[in-house]
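K.L.:
One predicted model, sequence on top.
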Amino acid sequence: GENVEQHPSTLSVQEGDSAVIKCTYSDSASNYFPWYKQELGKRPQLIIDIRSNVGEKKDQRIAVTLNKTAKHFSLHITETQPEDSAVYFCAASPNSGYALNFGKGTSLLVTP
Amino acid sequence: NAGVMQNPRHLVRRRGQEARLRCSPMKGHSHVYWYRQLPEEGLKFMVYLQKENIIDESGMPKERFSAEFPKEGPSILRIQQVVRGDSAAYFCASSPLQPGSSYNEQFFGPGTRLTVL
């Protein structure tokens, strides 16, 4: 089955700096890669996703890149703000609509 | 449009009791997924259901766990004879379209936090 590895497990940055979280996956059939943000005690919320026919996708301060050959994808947050502090999860699945295989999460702390 | 609803939000059971967790998908969504999240860990897929059908239960333990999504009413995740190791947050998610369709994101509910004493 699919195995998703996520690094780092914790990340601390200063407000205004950029944050990068990286994930690798094992199943070459995976072609849907969402990212979720989970605040303490809250539900995971989809912040961005990318499909395998696209190499990069941006939404304001958030961007995701995908390298299918190397089987890795990354989340980039620019101009970080304290409200970006949360746990971020990457996931992979054979296609949107199927079960998501999650990474173990990255706890991001943005300090003022 | 109300989001995915789960109840109860918190559930306390003693070892050996049964736990029933309910999930109402978003309006118009006919696909439901259950995930379990242990403290300080990611979400682990358990089961994927459509109305009256279990599509994929590969992540669900074979014993004590069962799930259903009837034609009418919420999806139910049932855990019989709970043990302390079942303590976790259980999230359900719903999606609107057939797998493989575009924009078929999974939207998560607020979760049920199960504590087994």
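P.N.:
In hand now; what should we look at?
K.L.:
quick one, what contacts the most centrally placed residue in chain B?
P.N.:
By C-alpha atoms, centre = their mean, chain B has its centre lying nearest to B:Trp34, at 3.2 Å. Applying C-beta atoms under 8 Å, 6 or more residues apart in numbering or on different chains to B:Trp34 gives the contacts B:23, B:45-49, B:60, B:67, B:75, B:77, B:90-92. Heads up, the C-betas are built off the backbone N, CA and C, glycines and all.
K.L.:
Please name the nearest non-neighbouring residue to A:Phe102.
P.N.:
Leaving aside its sequence neighbours, A:Phe102 sits nearest to B:Gly42 (C-beta to C-beta, 6 or more residues apart in numbering or on different chains; 4.1 Å).
K.L.:
just B:Pro70 next, same as before
P.N.:
Distances taken as C-beta to C-beta, 6+ apart place B:Glu52 nearest to B:Pro70, at 6.5 Å, with adjacent residues excluded.
K.L.:
For the helix or strand hosting B:Ala93, which outside residues touch it?
P.N.:
Using DSSP states H and E, B:Ala93 sits within strand B:88-95. The contact list for strand B:88-95 (C-beta under 8 Å, 6+ apart) reads A:43-44, A:96-97, B:4, B:6, B:21, B:23, B:25-26, B:29, B:31-39, B:43, B:75, B:77, B:104-109, B:111-114.
K.L.:
Tell me the secondary structure at the residue nearest to the centre of chain B.
P.N.:
Secondary structure assignment for B:Trp34 (DSSP: H, G, I helix; E, B strand; the rest coil): strand.
K.L.:
List the contacts of the nearest residue to it once chain neighbours are set aside.
P.N.:
Once flanking residues are discounted, B:Trp34 sits nearest to B:Met46: 4.4 Å by C-beta to C-beta, 6+ apart. If you count contacts by C-beta under 8 Å, 6+ apart, B:Met46 has them with B:Tyr33, B:Trp34, B:Tyr35, B:Arg36, B:Glu57, B:Gly59, B:Met60, B:Phe65, B:Ala67, B:Leu77.
K.L.:
still on that earlier bit, list the ones among the contacts of strand B:88-95 that fall in strands.
P.N.:
B:6, B:21, B:23, B:31-37, B:43, B:75, B:77, B:107-108, B:112-114 (DSSP state E).
K.L.:
and the closest residue to A:Leu100 other than its chain neighbours, how many neighbours?
P.N.:
Closest residue to A:Leu100 apart from its sequence neighbours, by C-beta to C-beta, 6+ apart: A:Ala91 at 4.1 Å. Neighbour count for A:Ala91, taken as other C-beta atoms under 10 Å in any protein chain shown: 27.
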